[in-house]
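Novice: Predicted coordinates and the sequence they were generated for:
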Amino acid sequence: MSIILTAPHPILRQVAKPISQLDKKVLSLIADMTTALLAAKNPTGVGLAAPQVGVPLRLFLIRPTPRSKPQVFINPEILKYSQRTQSSKDQDGVYEGCLSIPHHYAPLTRSLSVTVRYQKPTTDNLQLTTVTETLTGFPAHIVQHELDHLNGILFIDRVLEQNSPLFKVSGKTWEQITL
């Protein structure tokens, strides 16, 4: 199983390269990332991008609920962002965190829905198929976060951009910190 890199590892700041073909290396990476995502417990992982395991390729997984099977996104691009946004101030808002910056959370605003085009392995794992899908709510939030990873952007960059508070969590204690 891969170790999840933490900031300030330089690979986390690289723009990831596209995947041109589905081969044994990519399939092995997907399997390894799935194991790492499912094993992430403190905090629980809801998404994982290939750069977070030291591989600068345009690939990420999302798992919006603990019972969800990880969904694979290869070479994703967001075609449309909704103008409606969700933030932690909303009833269903999200405090965003990151496995590469463990135990830190911030109330970030993201688009409520996104239309994303991506590739995924066919059921026989022999080739890639292209999918276009609109995701709403928490899955959309995760996709935006993971796509940032593929572009070398960390959630703390969004914290600074949005002038949002950042909290370090230790047990049940939330302490506001500055960057």
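Specialist: It's in.
Novice: ok, the residue minimising distance to the centre of the chain - contacts?
Specialist: With the centre of the chain defined as its mean C-alpha position, the nearest residue by CA atoms, centre = their mean is Glu146, 2.5 Å away. Residues near Glu146 by CB atoms under 8 Å, 6 or more residues apart in numbering: Gly47, Leu48, Ala49, Phe60, Leu61, Ile62, Phe73, Pro76. For the C-beta atoms, the positions are set from N, CA and C on the backbone; glycine is no exception.
Novice: Helix or strand next in line after the worst-scoring helix or strand of the chain on mean pLDDT, which one?
Specialist: In the chain, no helix or strand scores lower on mean pLDDT, DSSP states H and E than strand 85-86, which sits at a mean of 82. Note on strand 85-86: by DSSP states H and E, the next helix or strand toward the C-terminus is strand 95-98.
Novice: Before we move on, what's the pLDDT of the closest residue in space to Arg63 that isn't next to it in sequence?
Specialist: Using CB to CB, 6 or more residues apart in numbering and skipping the chain neighbours, the partner closest in space to Arg63 is Pro70 (4.7 Å). Looking at Pro70, its pLDDT stands at 95.
Novice: what's the neighbour count on Pro70?
Specialist: 19 (other CB atoms under 10 Å).
Novice: Now do it against Leu48, distance only.
Specialist: Pro70 is 8 Å from Leu48, where distance means CB to CB, to the nearest Å.
Novice: Can you pull the residues that touch both of the two?
Specialist: Common neighbours of Pro70 and Leu48, counting by CB under 8 Å, 6+ apart, are Met33, Leu37, Leu61.
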